[in-house]
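Student: When you get a sec, could you give me coordinates for this:
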Amino acid sequence: MHRLKLLFALLTLFFVTAACASLGSDEEYYDEEIVTEEALPTEEPTEAPLSVAEGAICTDLTDQIMQISTSASEAGSDTESTDVQEETPLVVYEVNGDQISNPVLEDVSSELQDQQADEATQQQVWDYYTALIPAENRSTIVEYSVFTDGVDNTLAAVTQTQTDPAAWSLQVDIADTSDYYSLTFTLIHEYGHLLTLGPDQVPPSLAVFNNPEDNDIYLKELSACPDYFPGEGCANPDSYINAFYNQFWAGIHEEWQQINLEEDPDLLQQGLDDFYARYQDQFVTDYAATNPEEDMAESWSFFVLGPKPAGDTIAEQKTLFFYDYPELVELRSAILNNLCTSFPQ
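Tutor: Numbering: from 1, shown residues only. The predicted model follows:
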């Protein structure tokens, strides 16, 4: 989710017909829907042999990932965590290709020092991410940040770095990394944000990046954008996110926008729940109804991990959307083959 909150309903409604935008969305994209461990099976999932032939995937494994992650999402939407904590950064690494280095330790309380010092787990998660996502597809990741907000809250996020709008940071909660089924779904979801919002798809707006709290500048950039404006900048006309928006969100975006202007978080969540209920056949999960960016990232995860659907619903058509791009079909195959050989046994 983004950190940038724009609370100016009247101005927004004035501009909404001038440009397509996700006002009130956040600079960070989180996966919060699959981190409720209570929803996980009590027994250990059966692990399948992970032999990979050309064009083949380990369907037993991907089925388990989808089942566990989506069931946890559905259960989590109906429950509230009793251990919600403020996000606390623990350590930030520099990224150079597959390598992380120069850790910067944050000031933390004594009860978090063991997690901060757990370099083995931090390295293991990073190694898994680099094994999963091909190097040429994550060149914009220049920072790896380990944080925690307690168990069962935010699992991971991606966000622009604080110094360069074209460079991104991968953020992972070390408290939620023991479940590699949910972690896998989350990392693929977060890569979906990187894929669709990176600088080659959405050239970053320096004006917005340098003035994140200035609503007037945001609205000026928004009104000047003839295409979809997810927050980081004006999407390229031929970008994935612009095509996805035009195909699936143009007809419902204004209705969603009215809901998204709600400042009270409880009322906002209720509005999104009602929005999802009205258009349930259009979303692969309830979390996908959060905004177009989360919808696309969730649909991307279903594209990578799930079988090719028939396209009988709009939700299935969103998964099929990615099959229209040969480079994404090729990337899907690469990620799946990496998953089959690198998933911890």
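Student: any low-confidence regions in this structure?
Tutor: Along the chain, segments meeting pLDDT under 70 span 1-56, 72-84.
Student: Check whether the residue most central in space within it sits in a helix, strand or coil.
Tutor: Centroid-nearest residue in the chain, with C-alpha atoms, centre = their mean: residue 190, separated by 3.5 Å. Three-state call for residue 190 (DSSP: H, G, I helix; E, B strand; the rest coil): helix.
Student: Do I have it right that it meets residue 170?
Tutor: Yes: the criterion here is C-beta atoms under 8 Å, and residue 190 meets it with residue 170 at 7.0 Å. Where C-beta positions appear, they are placed from N, C-alpha and C, glycine not excepted.
Student: Mutual contacts of those two, please.
Tutor: Listed contacts common to residue 190 and residue 170 are 156, 157, 158; contacts here mean C-beta atoms under 8 Å, 6 or more residues apart in numbering.
Student: Filter the residues you listed down to the buried ones.
Tutor: Neighbour counting by 16 or more other C-beta atoms under 10 Å classes 156, 157, 158 among those as buried.
Student: Among these, which are located in helices?
Tutor: The helices, defined by DSSP state H, take in nothing from these.
Student: In strands only, show me those.
Tutor: Mapping these onto strands (DSSP state E) picks out 156, 157, 158.
Student: Distance check, the second one against residue 136.
Tutor: To tie it back to what came earlier, the one meant is residue 157. 22 Å (C-beta to C-beta, to the nearest Å).
Student: just the last one next, same as before
Tutor: Residue 158 sits 17 Å away from residue 136, going by C-beta to C-beta.
Student: before we move on, what about residue 170?
Tutor: For residue 170 relative to residue 136 (C-beta to C-beta), the value is 16 Å.
Student: So for the two, which sits in the more crowded spot?
Tutor: Neighbour tally, residue 170 and residue 136, criterion other C-beta atoms under 10 Å: the higher count belongs to residue 170, 25 against 8.
Student: Sketch out the helices for this protein, chain order is fine.
Tutor: Using DSSP H, helices in the chain cover 9-15, 59-76, 113-116, 119-132, 180-197, 206-210, 215-223, 240-248, 253-260, 265-278, 292-305, 314-321, 326-342.
Student: Give me the buried stretch members for the third one, please.
Tutor: Buried residues in helix 113-116, counting neighbours by 16+ other C-beta under 10 Å, are found at 115, 116.
Student: Quick check: which helices or strands does that helix pack against?
Tutor: Secondary-structure packing of helix 113-116 (3 or more C-beta pairs under 8 Å, 6 or more residues apart in numbering; DSSP states H and E): strand 88-96.
Student: what are the pairing partners of the strand it packs on, and which direction each?
Tutor: strand 99-105 (antiparallel), strand 141-148 (antiparallel) (DSSP bridges).
Student: With residue 120 as the reference, measure out to the residue of the chain most remote from its centre.
Tutor: Here the chain reaches farthest from its C-alpha mean at residue 110, the gap being 30.6 Å by C-alpha atoms, centre = their mean. Per C-beta to C-beta, residue 110 is found 20 Å from residue 120.
Student: cool, residue 138 as well?
Tutor: Taking C-beta to C-beta, one finds residue 138 at 22 Å from residue 120.
Student: higher neighbour count, these two?
Tutor: Neighbour count, other C-beta under 10 Å: between residue 138 and residue 120, residue 138 has more, with 21 against 8.
Student: which one is the more buried one nearest to, not counting chain neighbours?
Tutor: residue 194 (6.9 Å; C-beta to C-beta, 6 or more residues apart in numbering).
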